[in-house]
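*Asks:* what shape does this take:
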Amino acid sequence: MWRQVITRFGIPEIVISDNGTQFTDRKFTEFLTGLGIRQKFSSVEHPQTNGQVESANKIILLGLKKRLDNKKGAWADELVSVLWSYRTTEQSSTGETLFQLTYGLDAVIPVEIGEPSPRLLLKGVEEAVEKDLIDEAREMAH
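*Replies:* The predicted structure is shown next:
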């Protein structure tokens, strides 16, 4: 939680999780309370939440399997790359990338650093327009 969420995105107001023992553990609950984070749990009464997480996990696991072949123990090293790929790939349900919905801009992919794309060359103008439209894009995705 600390390394993957808080150091990257800041302290959230609420954490929503399933009822797994790692989330109901006293130590984890005290950690959240100490940071002023409220904890909520998804329930059987709201199965969409669990289904969305399971769907995302299935895609991430498939990505890991494709990258690992016979190196099953190296999954932790490959996870960051698979997550980057997942977050920067357009989702069929929304037509947007998760990165764009979160930050209001498309991610700069490594290939664009060596050979700047037109998007990077016109960065100031296009970035301002994208930021103006982010609320609309999030609403449409919702």
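*Asks:* do a quick rundown of the strands in this protein.
*Replies:* Listed in chain order, the strands of the chain (DSSP state E) span 14-17, 38-41.
*Asks:* closest to Ile59 out of these?
*Replies:* strand 14-17 (19.2 Å; CB to CB). Using the backbone N, CA and C atoms, a C-beta is placed for each residue, glycine as well.
*Asks:* who are the packing partners of the closest one?
*Replies:* The contact analysis (3 or more CB pairs under 8 Å, 6 or more residues apart in numbering; DSSP states H and E) places strand 14-17 against strand 38-41.
*Asks:* dump the C-alpha coordinates for the helix ranked longest in the chain into CSV.
*Replies:* For the chain, the helix that runs over the most residues, judged by DSSP state H, is helix 47-68. Coordinates of each C-alpha in helix 47-68 appear next as CSV, following Å, rounded to 0.1, in the frame of the first residue of the first chain:
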residue,chain,number,x,y,z
PRO,A,47,-20.9,-7.6,-7.0
GLN,A,48,-20.0,-5.2,-9.8
THR,A,49,-17.0,-4.0,-7.8
ASN,A,50,-15.6,-7.5,-7.3
GLY,A,51,-16.2,-8.3,-11.0
GLN,A,52,-14.3,-5.2,-12.2
VAL,A,53,-11.3,-6.1,-10.0
GLU,A,54,-11.4,-9.7,-11.1
SER,A,55,-11.5,-8.6,-14.8
ALA,A,56,-8.5,-6.3,-14.4
ASN,A,57,-6.6,-9.0,-12.5
LYS,A,58,-7.3,-11.5,-15.3
ILE,A,59,-5.8,-9.1,-17.9
ILE,A,60,-2.7,-8.4,-15.7
LEU,A,61,-2.1,-12.1,-15.1
LEU,A,62,-2.4,-12.8,-18.8
GLY,A,63,0.2,-10.1,-19.5
LEU,A,64,2.5,-11.6,-16.9
LYS,A,65,2.2,-15.1,-18.3
LYS,A,66,3.0,-13.9,-21.8
ARG,A,67,6.2,-12.2,-20.6
LEU,A,68,7.5,-14.9,-18.2
